[in-house]
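> Predicted model follows, preceded by the sequence.
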Amino acid sequence: MFGFDDSEVKKSIGTIFVALLVMGFVPIINLIRIVPFFKEVVLGAVVVVVFTSLSEVKRGIKFALVTGMIAAVAFNVVFIPGQIILGGVMGAASGATGEAAGGMAMLNGLGALTNLIGLLFMSPIGYTIGGAIGSVLNS
């Protein structure tokens, strides 16, 4: 797949997806997101070092970028609707009126949609840097 071993790609996508789930939904770990690019750089480097033996920088970048972006898109497909639903449930559980619960769901969804900005602009840069670092560490 994409010129790489299928098992390496699948393991990497799964690892990044699980890491993004943990970072996205566990409040203390979510603080990692304060530092721009940090989680993408670390995850990109980790999957290149752990799951491959790539020492050529271009291939390491390609591997981290492809697997990282696939996992990031899959995470956002789960995260954005999850935040909208969670906002509605929390609003309803607070005893608010139906309109207030709906408004809370929409605000939560709007906040989750800001992830798309990071997905489009920050994630590719972070995974590129991480892939380069990982391939340098492999050599």
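Perfect, thanks for sending it. Numbers count the residues shown, from 1 in each chain.

> Beyond the longest helix anywhere in the chain, next helix or strand please.
With secondary structure taken from DSSP state H, the chain has its longest helix at helix 57-93. For helix 57-93, the succeeding helix or strand toward the C-terminus, using DSSP states H and E, is helix 98-113.

> okay, and the helix or strand of this protein with the least pLDDT?
In the chain, the helix or strand scored least confidently by mean pLDDT, DSSP states H and E is helix 98-113, which has a mean of 72.

> Which strands or helices does whatever helix or strand comes next after it pack on?
Following helix 98-113 in sequence order, the next helix or strand is helix 115-117 (DSSP H and E). Contacts defined by 3 or more C-beta pairs under 8 Å, 6 or more residues apart in numbering; DSSP states H and E place helix 115-117 against helix 57-93. The way it works is simple: take the backbone N, C-alpha and C, and place the C-beta from them, glycine included.

> Just want the angle from the helix it packs on to helix 98-113.
Computed with axes from the mean of the first three to the mean of the last three C-alpha atoms, to 10 degrees, the direction of helix 57-93 lies at 170 degrees from that of helix 98-113.

> Pull out the buried positions in helix 57-93.
Within helix 57-93, the residues that count as buried by 16 or more other C-beta atoms under 10 Å are 57, 59-72, 74-76, 79-80, 82-84, 86-88, 91-92.

> try stretch 123-139
Buried, per 16+ other C-beta under 10 Å, within stretch 123-139: 123, 126, 127, 128, 129, 130, 131, 132, 133, 134, 135, 138.

> which outside residues touch that stretch?
36-49, 52-57, 59-65, 68-69, 72 (C-beta atoms under 8 Å, 6 or more residues apart in numbering).

> Put the alpha carbons of the helix or strand residue 123 falls within into CSV.
According to DSSP H and E, residue 123 maps onto helix 123-138. Taking C-alpha atoms only, helix 123-138 is exported to CSV below (Å, rounded to 0.1, in the frame of the first residue of the first chain):
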residue,chain,number,x,y,z
SER,A,123,-1.0,18.1,10.8
PRO,A,124,0.8,17.7,7.4
ILE,A,125,3.7,19.9,8.6
GLY,A,126,4.0,18.0,11.9
TYR,A,127,3.9,14.6,10.2
THR,A,128,6.5,15.7,7.7
ILE,A,129,8.9,16.9,10.4
GLY,A,130,8.2,13.7,12.4
GLY,A,131,8.9,11.5,9.4
ALA,A,132,12.2,13.2,8.7
ILE,A,133,13.3,12.9,12.3
GLY,A,134,12.2,9.3,12.4
SER,A,135,14.2,8.4,9.3
VAL,A,136,17.3,10.2,10.6
LEU,A,137,17.0,8.3,13.8
ASN,A,138,16.8,5.0,11.8
